[in-house]
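Novice: Make a model of this:
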Amino acid sequence: MDLHKIFSESLSFDAYQKAVEVMTGEKLNSGNPDEVSLFSHVSLNDTRIQRLLKTLSFEDFKEDILSVNPISLLVISEGWCGDASQILPVLVKMQEMNPNIRLGFVFRDQNPLLIEKYNYKGTASIPIVIGIRDKEEVFTWGPRPEPGLKLLQKYKEEESYTKEEFSIDLQKWYNKDKGQTILQELLLACKSK
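Specialist: Just a heads-up that it's a prediction; the model follows:
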């Protein structure tokens with residue numbers, strides 16, 4: 001799989017957002033007919049993204065962000081994905097602070113071979129971030145930060161912990177954390193090689 005080629009054909013963040021808007025407005029899906037039922041999430045996710053783009057501040061991490069060597073981050077996502085609404089703004093802020101960080105976005109359901117290769121524990125969970133340096137994969141990250149993965153594990157293991165409780169707890173965690181853990185995990189990954 002030629003990740004460099006996929007990245008060169010990927011969308012910028014603005015183009016990705018515009019494509020999500022068009023698909024939602026026209027009730028189109030990016031390849032999965034079951035996805036249409038998730039369109040109700042897109043508006044809420046867009047609101048979250050816009051709020052986070054205005055409010056996230058990583059000035060305390062400016063030196064760490066600026067120290068990232070040139071890297072391309074290929075992001076597999078979909079507009080309806082709640083985790084993406086929290087993670088994409090962090091990536092955009094990183095890119096704004098360091099032009100050596102390049103972002104490219106692709107839709108999961110338009111890229112079945114890609115998500116098959118980069119699935120998370122056998123699932124097509126998103127978003128997935130693939131770090132590419134010198135045309136080679138250097139890391140993968142996702143579909144959510146470690147504390148979110150622990151909440152998911154709790155949901156899967158504890159029968160009394162409902163999906164609604166999981167969703168509420170995850171959103172509360174994201175709101176309290178303000179992107180700090182996502183940023184720290186991504187910085188660690190970007191600097192790993």
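Novice: Centre of the protein to the edge, which residue is at the far end?
Specialist: Ser160 (28.7 Å; C-alpha atoms, centre = their mean).
Novice: That one and Gln171: what is the separation?
Specialist: Distance, Ser160 to Gln171, using C-beta to C-beta, to the nearest Å: 20 Å. To be clear about C-beta, it is placed using only N, CA and C from the backbone, and glycine gets the same treatment.
Novice: same check, this time on Asp177
Specialist: Distance, Asp177 to Gln171, by C-beta to C-beta: 11 Å.
Novice: For the protein, which segments are assigned as helices?
Specialist: Here the chain has its helices, by DSSP state H, at 3-8, 13-25, 40-55, 62-66, 82-97, 112-117, 146-157, 163-177, 180-190.
Novice: any idea which of these is most buried?
Specialist: Comparing these by mean neighbour count (mean count of other C-beta atoms under 10 Å), helix 82-97 comes out on top with a mean of 22.
Novice: report the angle between the axes of it and helix 146-157?
Specialist: Counting by axes from the mean of the first three to the mean of the last three C-alpha atoms, to 10 degrees, helix 82-97 lies at 170 degrees to helix 146-157.
Novice: what helices or strands is helix 82-97 leaning on?
Specialist: helix 13-25, helix 40-55, helix 62-66, strand 71-77, strand 101-107, helix 163-177, helix 180-190 (3 or more C-beta pairs under 8 Å, 6 or more residues apart in numbering; DSSP states H and E).
Novice: Just put those in TSV and tack on mean pLDDT and distance to Gly131.
Specialist: Shown next, in TSV, are these (pLDDT from 0 to 100; distance: least, C-beta to C-beta, whole Å):
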stretch	mean pLDDT	distance to Gly131
helix 13-25	87	17
helix 40-55	89	22
helix 62-66	96	14
strand 71-77	97	6
strand 101-107	97	10
helix 163-177	95	22
helix 180-190	97	6
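Novice: Would you mind giving these as JSON lines with distance to Glu137 added?
Specialist: JSON lines is the format used below for the helices and strands packed on helix 82-97 (distance: least, C-beta to C-beta, whole Å):
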{"stretch": "helix 13-25", "distance to Glu137": "21"}
{"stretch": "helix 40-55", "distance to Glu137": "26"}
{"stretch": "helix 62-66", "distance to Glu137": "21"}
{"stretch": "strand 71-77", "distance to Glu137": "9"}
{"stretch": "strand 101-107", "distance to Glu137": "14"}
{"stretch": "helix 163-177", "distance to Glu137": "27"}
{"stretch": "helix 180-190", "distance to Glu137": "11"}
